[in-house]
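Need a 3D model of the following:
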Amino acid sequence: MALTVTTQDVHTWKKRIRRPDLKGSTYFCQESGKVWVSASADHQPVCQAVLGEPTKDIGLHSYICWDNVAAVDLVEILYRLESA
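Below you'll find the model as predicted:
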């Protein structure tokens, strides 16, 4: 299933990844040359399978997050979201 990647006009450092048949979203967020990932709903188990236990808290109970994510893991998340 095809993924949709969008960004806000204001927060271009944050990319939202969605798939029509999955609830929730995955966000790739770039700050200070590093990338962190957040995921909600159906996206959480997919991201957790790649990244393991969450490592970052952003104060939103519906999202789990990981800090300092490697490029190879970002690609793997995209692959698994598309093929889930």
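
Next, residue 40: phi, psi?
Residue 40 adopts backbone torsions of phi -130, psi 160, taken as degrees, to the nearest 10.

Which pLDDT value belongs to the nearest residue to it once chain neighbours are set aside?
Nearest non-adjacent residue to residue 40, counting by Cβ to Cβ, 6 or more residues apart in numbering: residue 24, 3.7 Å away. C-beta coordinates here come from the backbone N, C-alpha and C atoms, glycine included. Residue 24 carries a pLDDT score of 97 in this model.

hang on, residue 24 packs against residue 46?
No. With contacts counted by Cβ atoms under 8 Å, residue 24 stays clear of residue 46, the gap being 9.9 Å.

what is in contact with these two at once?
residue 39 (Cβ atoms under 8 Å, 6 or more residues apart in numbering).

The two: which has the busier surroundings?
Comparing residue 24 with residue 46 by other Cβ atoms under 10 Å, the one with more neighbours is residue 46, at 22 against 15.

List the single closest residue to the more buried one in space, sequence neighbours excluded.
Leaving aside its chain neighbours, residue 46 sits nearest to residue 80 (5.0 Å; criterion: Cβ to Cβ, 6+ apart).

so that neighbour, which of the three states?
Of the three states, residue 80 takes helix according to DSSP: H, G, I helix; E, B strand; the rest coil.

neighbours around it, how many?
Residues lying near residue 80 (other Cβ under 10 Å) number 15.

And the residue nearest the centre of the chain?
Of all residues in the chain, the one closest to the mean position by Cα atoms, centre = their mean is residue 26, 3.1 Å from it.

Show residues contacting the helix or strand residue 16 falls within.
Residue 16 belongs to strand 14-18 when assigned by DSSP states H and E. Counting by Cβ under 8 Å, 6+ apart, strand 14-18 makes contact with 3-8, 25-30, 43, 78, 81, all of which sit outside it.
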